[in-house]
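*Asks:* Structure for the following, please:
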Amino acid sequence: MSFVFQLGLYDANGLPIHIPRANFSERIYDILVCVILAIAGVFLLLFGYIQIIICTAMNYARMQEARYYETSDIGEEGVALQQ
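*Replies:* Below is the predicted model:
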């Protein structure tokens with residue numbers, strides 16, 4: 001028993017969709033939905049990568065700031081520059 005999907009760029013026989021002139025408006029809708037979903041997925045992936053880069057940069061800046069404002073080892077209540 002073969003299980004064939006009717007959604008996407010393939011017909012019921014598993015062959016690529018051939019778009020005849022008679023039902024062009026129905027078939028082009030299926031293709032456009034797949035293309036739009038693919039483009040949306042690419043943009044979401046790029047947004048995720050940009051978000052990872054921004055979070056990494058912010059975490060690095062926070063670590064540098066915490067290192068700059070550490071108290072000194074001799075117990076002074078001032079700011080000790082770490083070099």
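*Asks:* hey, let's count contacts and neighbours off CA atoms from now on
*Replies:* Will do.
*Asks:* what ranges do the helices span in this structure?
*Replies:* For the chain, helices defined by DSSP state H occupy the ranges 24-68.
*Asks:* Any regions of it where pLDDT drops low?
*Replies:* Across the chain, residues meeting the criterion (pLDDT under 70) sit at 1-8, 18-21, 23-24, 68-83.
*Asks:* Try it again at 50.
*Replies:* 1-5, 83 (pLDDT under 50).
*Asks:* Contact partners for R62?
*Replies:* For R62, the contact set (Cα atoms under 8 Å, 6 or more residues apart in numbering) is empty.
*Asks:* Distance check, it against G48.
*Replies:* As judged by Cα to Cα, to the nearest Å, R62 and G48 stand 21 Å apart.
*Asks:* what do you get for M58?
*Replies:* Separation of M58 from G48 (Cα to Cα) stands at 15 Å.
*Asks:* got it, and I31?
*Replies:* Distance from I31 to G48, counting by Cα to Cα: 26 Å.
*Asks:* Compare those two (neighbour count), which wins?
*Replies:* More crowded of I31 and G48, by other Cα atoms under 10 Å: I31, with 15 against 12.
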